[in-house]
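>>> Structure, please.
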Amino acid sequence: MDSNQHQGSSVRLVGSRLYEADADLKQMYDLLMEARSRTGDWRCWHVGELAFGFFVIDCHLDPRKHVQLWHDGDKLVGYAMLGDDAYFDWQVLPDYEWKGIESEALAWAEGLLAELRASDAERWKGPMMVGTRQDNAERIAFLEQHGFRRGEYVEVNMLRSLEEALPQEALPPEALPPLALPSGFHVRSLAGDTSEVADRAAAHREVWRPWTVGEVTDEDYARFMRMPGYDQDLDVVAVAPDGAIAAYVNGWLDPVNKIGDFGPVGAREAYRRQGLTRAVLLECMRRMKARGMDRVCVSTGESNVAARGLYESVGFRVVNRYVEYARP
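Here you go, the predicted structure:
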């Protein structure tokens with residue numbers, strides 16, 4: 001590939017600035033949905049991936065320092081984020097790709113990371129990390145030209161059509177409830193009361209610690225529920241007889257492209273292998289279908305055999321891969 005491919009003339013922009021408020025996040029969602037409508041499901045993040053990635057930055061860092069925006073007039077045409085573990089990502093509208101924003105975004109992230117390392121070398125000592133779909137040749141070429149090398153971590157991107165019948169839809173009414181849950185368990189939306197929000201946060205911590213994404217306080221989760229894009233009806237939980245949250249899934253909608261997304265998904269260790277995660281996935285898919293989605297996606301580590309088996313059991317198949325690149 002021509003080494004000059006990514007050095008085209010710069011887009012004439014009003015300028016770039018740091019993130020300010022929820023209105024900016026809504027524009028970031030709009031950018032992703034528009035880009036996907038013009039390129040396909042796997043060129044850009046789903047709005048759900050952005051939502052949770054942004055939430056983690058909001059928990060541990062400051063979006064007003066760690067998110068940079070590029071506008072053409074009033075229109076957002078690109079953004080970049082630098083999160084925990086020096087994880088960097090950028091997204092750009094198709095008409096503006098490879099005309100300068102990518103290089104500006106990388107330079108911004110490098111400058112911010114240098115400041116962070118100067119103030120807390122131990123926390124930020126690791127390499128800068130970036131992800132890309134395996135078939136995004138231009139993004140991979142850009143990364144390699146700037147010293148990034150492919151790492152070991154790989155995620156599988158999985159997809160399921162919602163036009164195909166869900167398992168419970170084939171059952172006659174007299175067979176309801178359709179999901180074979182252990183006695184006393186039931187599936188519903190997360191309640192909004194303080195005690196259940198606290199238990200929802202606790203369940204998330206139990207599933208995801210010691211990874212950074214697991215460090216979520218009760219107050220963080222309450223704030224998450226107020227974030228643009230969050231839908232309490234799609235925060236589906238399986239509840240034990242004593243009222244404890246046993247398993248959960250966050251569902252996200254892209255109404256432009258009619259595709260839902262799952263993430264995060266989890267079950268507390270004491271409640272695993274009882275069909276509870278499968279139950280919340282199926283219920284969330286049923287709700288997405290009722291909202292007009294025609295397909296749903298989910299991603300998990302390629303080596304996570306248990307998760308892949310679960311998703312395949314409810315109709316998902318692998319359609320792409322997300323690979324990690326790192327630069328010391």
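>>> what bridges to Ala247?
On the basis of DSSP bridges, Ala247 is bridged to Ala238, Ala267.
>>> What is the burial count for it?
For Ala247, the neighbour count with other Cβ atoms under 10 Å is 27. Any C-beta I mention is one placed from the backbone N, CA and C, and that applies to glycine too.
>>> Now do the contacts for it.
Ala247 is in contact with 237-238, 266-268, 271, 276-277, 279-280, counting by Cβ atoms under 8 Å, 6 or more residues apart in numbering.
>>> What ranges does this structure have for its helices?
Under the criterion DSSP state H, the chain contains helices at 22-39, 47-60, 63-66, 101-119, 137-145, 194-208, 218-224, 276-290, 305-313.
>>> Return the list of helices and strands in contact with the fourth one.
Secondary-structure packing of helix 101-119 (3 or more Cβ pairs under 8 Å, 6 or more residues apart in numbering; DSSP states H and E): strand 67-72, strand 75-83, strand 87-92, strand 128-133.
>>> now the ones you listed as JSON lines including mean pLDDT?
JSON lines is the format used below for those (pLDDT from 0 to 100):
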{"stretch": "strand 67-72", "mean pLDDT": "97"}
{"stretch": "strand 75-83", "mean pLDDT": "97"}
{"stretch": "strand 87-92", "mean pLDDT": "98"}
{"stretch": "strand 128-133", "mean pLDDT": "97"}
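>>> May I see those strands arranged in JSON lines, with distance to Pro328 as well?
JSON lines is the format used below for these (distance: least, Cβ to Cβ, whole Å):
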{"stretch": "strand 67-72", "distance to Pro328": "23"}
{"stretch": "strand 75-83", "distance to Pro328": "16"}
{"stretch": "strand 87-92", "distance to Pro328": "14"}
{"stretch": "strand 128-133", "distance to Pro328": "8"}
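>>> List the contacts of Tyr311.
Counting by Cβ under 8 Å, 6+ apart, Tyr311 touches 158, 160, 281, 298, 300.
>>> what's the distance between the third one and Ile245?
What it means is Leu281. Leu281 sits 15 Å away from Ile245, going by Cβ to Cβ, to the nearest Å.
>>> Give me the neighbour count for the closest residue to Pro94 other than its chain neighbours.
Leaving aside its sequence neighbours, Pro94 sits nearest to Arg38 (Cβ to Cβ, 6 or more residues apart in numbering; 5.3 Å). Neighbour count of Arg38, defined by other Cβ under 10 Å: 12.
>>> Please apply the same query to the one 10 residues further on.
By other Cβ under 10 Å, 27 other residues sit near Gly48.
>>> now swap in Trp90 and tell me
Neighbour count for Trp90, taken as other Cβ under 10 Å: 21.
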